[in-house]
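Chemist: from the sequence below, what's the structure:
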Amino acid sequence: MDTEDLSGICASLGILEEEQTTNRMVYTKGDHCLDALKDLLRFLRRDDPQTREVFKQVCRWNIASKNLIPIIEHCQRDRNLVLNSVKVLVFLSMPIEPSSSDIPEQIEYLWNLKFFVTSSDAVAVIVSLLEGPLENLECELFSEDDWKLLQLVLTFFHWWFSGLSSSG
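Modeler: Got it, this is the predicted structure:
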């Protein structure tokens, strides 16, 4: 794993900060936020399932709570950002390989991720993604893209709200 490249990718996502005038938290996405999400997804896809070094580093840096969840909550109008953030969360929540040597550490990271996701408004935003596809289904206009989105959201819920065992 190239930690320097991973660090640059994560830094390119954006920043969550308190607005001075309203004291509200705002997320300022980076100029290349979408590209950074796609790069992060590539890193996670190539992560060794035995060691999950990329997963663990992303968790150590709290990327889900500092970036992914804020992107979902604050950038709702940018569908591509939200969808790619959900894809990254799905990859972060992949079942633990039973032969991993550090299962307790991975379980702890997964529990922390679940805490951040469930204590945020991200779940409501993700559910709202299904509004269009479900309307299309009702009108018999359900498309391949609708099906892919439905699969993504169902996978998100299956992995996020199932147990932490390797069977998922």
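Chemist: what's the longest helix along the chain packed up against?
Modeler: In the chain, taking DSSP state H as the definition, the longest helix is helix 144-161. Contact partners of helix 144-161 among helices and strands, from 3 or more CB pairs under 8 Å, 6 or more residues apart in numbering; DSSP states H and E: helix 79-92, helix 103-118, helix 122-128, helix 131-138. For every residue, glycine as well, the C-beta is placed using N, CA and C.
Chemist: repeat that with 6 Å
Modeler: Contact analysis of helix 144-161 by 3 or more CB pairs under 6 Å, 6 or more residues apart in numbering; DSSP states H and E lists helix 79-92, helix 131-138 as its packing neighbours.
Chemist: so where is the protein shaky, pLDDT-wise?
Modeler: 1, 160-168 (pLDDT under 70).
Chemist: nearest to residue 21 among the helices and strands packed on helix 144-161 would be which one?
Modeler: Across the helices and strands packed on helix 144-161, residue 21 has its closest neighbour in helix 79-92 (24.9 Å, CB to CB).
Chemist: how close does residue 22 get to residue 129?
Modeler: 27 Å (CB to CB, to the nearest Å).
Chemist: more neighbours: those two, which one.
Modeler: Shown here are residue 22 and residue 129; by other CB atoms under 10 Å, residue 129 has more neighbours (20 against 8).
Chemist: and that one, how far is that from residue 85?
Modeler: Residue 129 is 11 Å from residue 85, by CB to CB.
Chemist: now residue 144
Modeler: 22 Å.
Chemist: which of those two has more neighbours?
Modeler: Using other CB under 10 Å as the criterion, residue 144 and residue 85 rank with residue 85 on top: 29 against 7.
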